[in-house]
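>>> what's the 3D shape of this:
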Amino acid sequence: MDETRDAFLRRLLETPSPSGYETRGQRVWVDYVAEYADDVRTDAYGNAIAVYDGGGEDATEVAFTGHADELGFVVTAITDDGFLRVRPLGGVDKSVTEGTQVAVHTDDGTVNGVIGQTAIHLQDHGDGGEPAEVTEQHVDVGAADGDHARELVTVGDPATLAAGVHDLADTRLAGRGIDNRAGSWVAAEGLRRAAERDADCRVYAVNTVQEELGTRGASMVAFDVDPDVAIVVDVTHAADNPTYPSSHASEVELGAGPTVTRGGSSHAEVARAVQAAGDAEDVDVQVEAMSVTTGTDADTFFTERAGIPTVALGIPNRYMHTPAEVVDTDDMEDAADLLAAFAVREADRESFAVDL
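Here you go, the predicted structure:
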């Protein structure tokens, strides 16, 4: 990954963007993609849409989408003794939150805190060591009492885990919120690379809000844009590590290329076209089976309007929904190249409807 692309990815990862509070992260994304798009717009809730206007008035319209939001917390109460009670934003894992540092994002700046955990010396090991629910945990910002805490933080302020970005061996990267800054990066880069190749179609790069709360932003965007085809880029589970359960059979590997899903909400013709683009461009594409839903914005796009032909493109990710997610940036580069190749190859496609 070259210096400019790497800097963009790290800005995305370092900028807090919890579900429902994505404004700061969206600014980073918009500032980057605006340099390569013919138009950029946002809607009332902060969904961001960039347009490369290739082709004529009747050009095929292709959407590449990621989602802007990350897991987080929202402050629900401030106790009289100065601690914060929080509620999770999205699928926060209670087993990885206790004993971690957090950043509370207030109107006046960041307030540092920690989620308290009983010291191991004081734990009653007869209870099985089950962590408390997130709503039963507390955030310590160092306040002397409730009045002091209320000077620092307000109910409704969001928070994120305070985990940084770390380079691992070779092209592996670890960090918080890779789900789904990886997809946001790929969607933006897919547009840039399609424009660089003069794709003869209209390309929308989209960064939705509130995916982790139920793919809400995707419903808004699908109504607004109404593309001929949508490729939803999100992380997917890499099976090549000791924590992956054997009961969930999968062949997905880190560093072996992006995945295309087959089955469920993924459209068969679009999946075939993505695989064909990979073959033509010598980009490795892994296949991932999906029996029902993907758990991504693809599940919303494909049912909007009269049904938008949609496929989920996965970036293999280890340790999802933890503050130490791991991806291989080569998979992200390959995914962006694959999107550009798809746009070029499918520019003249009249319909993605299945052949009956």
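
>>> check contacts around D107.
Residues near D107 by C-beta atoms under 8 Å, 6 or more residues apart in numbering: T154. In this view, the C-beta of every residue, glycine as well, is placed from N, C-alpha and C.

>>> next one: the one 5 residues further on
Contacts here follow C-beta under 8 Å, 6+ apart; on that basis N112 touches 101-104, 141-142, 162.

>>> please apply the same query to R216.
So R216 contacts 45, 209-210 (C-beta under 8 Å, 6+ apart).

>>> filter these down to the buried ones, ChimeraX style.
Applying 16 or more other C-beta atoms under 10 Å to the contacts of R216, the buried members can be selected in ChimeraX as follows:
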select :209,210
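
>>> ok, back up a step: can you redo the contacts of N112 as CSV with secondary structure?
Output for the contacts of N112, formatted as CSV (DSSP: H, G, I helix; E, B strand; the rest coil):
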residue, secondary structure
Q101, strand
V102, strand
A103, strand
V104, strand
V141, coil
G142, coil
A162, coil
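
>>> report the buried residues of stretch 331-351.
So, applying 16+ other C-beta under 10 Å, buried residues of stretch 331-351: 331-347, 349.

>>> check which helix or strand covers T300.
helix 298-301 (DSSP states H and E).

>>> that helix packs against which elements?
helix 216-225, strand 229-237, strand 310-317 (3 or more C-beta pairs under 8 Å, 6 or more residues apart in numbering; DSSP states H and E).

>>> any weak-confidence spans in this protein?
Applying pLDDT under 70 to the chain flags residues 125-129.

>>> pop the domain breakdown of it in here.
3-70+177-345, 72-161 (automatic domain parsing).

>>> which of those sits most buried?
domain 3-70+177-345 (a mean of 21; mean count of other C-beta atoms under 10 Å).

>>> gap between the two ends of it?
End-to-end distance of domain 3-70+177-345 (C-alpha to C-alpha, to the nearest Å): 28 Å.

>>> hmm, back to that, looking at the domains of the chain, which is nearest to L356?
With C-beta to C-beta as the measure, domain 3-70+177-345 is the member of these nearest L356 (11.5 Å).

>>> which parts of the stretch 1-150 of the chain are strands?
39-42, 48-53, 61-67, 72-78, 83-89, 101-106, 109-115, 138-140 (DSSP state E, counting those that start in this stretch).

>>> quick revisit: name the nearest of the contacts of R216 relative to G146.
The nearest one, if we look at the contacts of R216 relative to G146 and count by C-beta to C-beta, is Q210, at 30.9 Å.

>>> tell me the spacing between the closest one and G190.
As for Q210, its distance to G190 is 22 Å (criterion: C-beta to C-beta, to the nearest Å).

>>> equivalent analysis for A103, please.
30 Å.

>>> need the single longest helix in this structure, by residues.
Counting by DSSP state H, the longest helix found in the chain is helix 178-196.

>>> which strands and helices sit next to the helix or strand following that one?
Per DSSP H and E, the first helix or strand lying C-terminal to helix 178-196 is strand 202-208. If you count contacts as 3+ C-beta pairs under 8 Å, 6+ apart, strand 202-208 packs onto helix 23-33, strand 48-53, strand 61-67, helix 178-196, helix 216-225.
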